[in-house]
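Asks: please work out how this folds:
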Amino acid sequence: MSTSRLNEVLAKARQETAKVIIGQHEVIEQALIAIFTGNHALIEGVPGVAKTLLVRTLAHVLGCEFARIQFTPDLMPADITGTNVFNLQRNEFSLIKGPVFTSFLLADEINRAPAKTQSALLQAMQERLVTIDRETHALPPNFTVFATQNPIEYEGTYPLPEAQKDRFMLKVTMKAPERADELALAQRTMTKESPEALLAGGVVQPVIRPEDLQELREQLGAVVLRDELIGYLVDVVRETRRHESVLVGAGPRATQSLIMAARAFAAISDRDFVTPDDVKAMAVPVLEHRLILRPEFEIEGLSIAEVIQQILQQVAVPR
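Replies: Reported below is the predicted structural model:
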């Protein structure tokens, strides 16, 4: 199986998304990696860095449906999954599907909702199934959750439990744009070239149909990952459990996620084989949200990203 079609689609998708999302090249790549590996992503960034616009644009580029849920403290599980409502005309219950029945779901400020509502997403994310009144319903095959968190404002929030964070393949960190990018955005505001106007005006073209996504995902299996590199990748994840500054390290699901992410990163870089640099490039997005530092190291100002970089320097790279 060749990966040339996959490489071509990824390059086109990145190009079309970049018409709307100015700068943020790494963020676009990481979001595409989550989609093309059939996984979910946690997006973290301050308000106004185009988190919602990113997901809306990706849905348009990949020809998929998009839905958004604003999580609030009073949001109930049924507000996400849907509910059965009695139809007087038919004299029977009929299902009113919730916003979870879509391809790309933006769960905005997921940490604002209580645990019961957050857990309503768990089954959907893991099994792509939803149970409503003891009846199980399948979600669309391309179902992908992009959950956003505001890293600054913690008042009135319910932190995501570790088990739920582990369901997200990547943590995508959206920083404020560089000066040149912000200047370009400022100049385009209030014109027909503004990001929202470009998306609404049909300038951004879909590159595939929704049904093509599954076939393209299967092509990732053709990206060569040598046994020595799998060993290296496993050693990197295992080292997170032994590092002196780490209280809780990454589990086996992180190993699987890193393998898939490294393969997708190779494909997005127009290659059909994985290099150690691909593993290093994806280590922070895949591992950062899964580690918990010991309090004494956290007080000293050590960041999880710095710990991962230390681990990458310690573990011997295969030749």
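Asks: helix/strand/coil for the closest residue to residue 93 other than its chain neighbours?
Replies: Excluding the flanking residues, the one nearest residue 93 by CB to CB, 6 or more residues apart in numbering is residue 84, at 4.3 Å. Using the backbone N, CA and C atoms, a C-beta is placed for each residue, glycine as well. Per DSSP: H, G, I helix; E, B strand; the rest coil, the local secondary structure of residue 84 is strand.
Asks: do residue 262 as well
Replies: From three-state DSSP, the assignment for residue 262 is helix.
Asks: distance of it from residue 318?
Replies: Separation of residue 262 from residue 318 (CB to CB, to the nearest Å): 13 Å.
Asks: shared neighbours, the two?
Replies: residue 229 (CB atoms under 8 Å, 6 or more residues apart in numbering).
Asks: so these two - more neighbours on which side?
Replies: residue 262 (27 against 14; other CB atoms under 10 Å).
Asks: list the contacts for that one?
Replies: So residue 262 contacts 225, 229, 233, 274, 278, 279, 281, 282 (CB under 8 Å, 6+ apart).
Asks: surely residue 141 touches residue 214?
Replies: Yes - applying CB atoms under 8 Å, one finds residue 141 in contact with residue 214, separated by 6.0 Å.
Asks: phi and psi next, for the residue most central in space within the chain.
Replies: When CA atoms, centre = their mean is applied to the chain, the residue found nearest the centroid is residue 41 (1.7 Å). Main-chain torsions, residue 41, degrees, to the nearest 10: phi -130, psi 140.
Asks: so what sits opposite it in the bridge?
Replies: Note on residue 41: beta-bridge partners residue 146, residue 170, judged by DSSP bridges.
Asks: residue 303 versus that one, what's the distance?
Replies: 20 Å.
Asks: cool, residue 207 as well?
Replies: On the measure of CB to CB, residue 207 and residue 303 end up 36 Å apart.
Asks: of these two, which one has the most company?
Replies: Counted by other CB under 10 Å, residue 207 and residue 303 do not tie: residue 207 has more neighbours, with 20 against 12.
Asks: which pLDDT value belongs to the closest residue to that one other than its chain neighbours?
Replies: Spatial nearest neighbour of residue 207, excluding adjacent residues (CB to CB, 6+ apart): residue 12 at 4.3 Å. Each residue has a pLDDT score; the one for residue 12 is 92.
Asks: surely residue 12 meets residue 204?
Replies: No - using CB under 8 Å, residue 12 is not in contact with residue 204, being 11.1 Å away.
Asks: neighbour count for the two, which is higher?
Replies: Higher neighbour count among residue 12 and residue 204: residue 204, with 19 against 15, using other CB under 10 Å.
Asks: and the more buried one, what is it in contact with?
Replies: So residue 204 contacts 16, 17, 19, 20, 57, 60, 61, 198 (CB under 8 Å, 6+ apart).
Asks: mind listing which of these are in helices?
Replies: Judged by DSSP state H, the contacts of residue 204 include 16, 17, 57, 60, 61, 198 as members of helices.
Asks: looking at those, which one is closest to residue 24?
Replies: Nearest to residue 24, judged by CB to CB, of those is residue 17 at 9.1 Å.
Asks: tell me, how many residues neighbour that closest one?
Replies: Residue 17: 25 neighbours (other CB under 10 Å).
Asks: for the lowest-mean-pLDDT helix or strand in the chain, buried residues please.
Replies: Taking mean pLDDT, DSSP states H and E as the measure, the chain has helix 162-165 as its least confident helix or strand, at a mean of 79. For helix 162-165, the buried set under the neighbour-count rule, 16 or more other CB atoms under 10 Å, comprises 164, 165.
Asks: can I get that helix in CSV, CA atoms only?
Replies: Extracted C-alpha coordinates of helix 162-165, given in CSV (Å, rounded to 0.1, in the frame of the first residue of the first chain):
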residue,chain,number,x,y,z
GLU,A,162,-6.4,11.7,34.7
ALA,A,163,-8.4,8.8,33.1
GLN,A,164,-10.3,11.3,30.9
LYS,A,165,-7.2,13.2,29.9
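Asks: which outside residues touch it?
Replies: Residues outside helix 162-165 that contact it (CB under 8 Å, 6+ apart): 42, 118, 119, 121, 122, 248, 289, 290, 292.
Asks: and it, how far out from the chain's middle?
Replies: Once both centres are worked out by CA atoms, centre = their mean, to the nearest Å, helix 162-165 turns out to sit 14 Å from its chain's centre.
Asks: same check on stretch 195-203?
Replies: Distance, centroid of stretch 195-203 to centroid of chain: 23 Å (CA atoms, centre = their mean).
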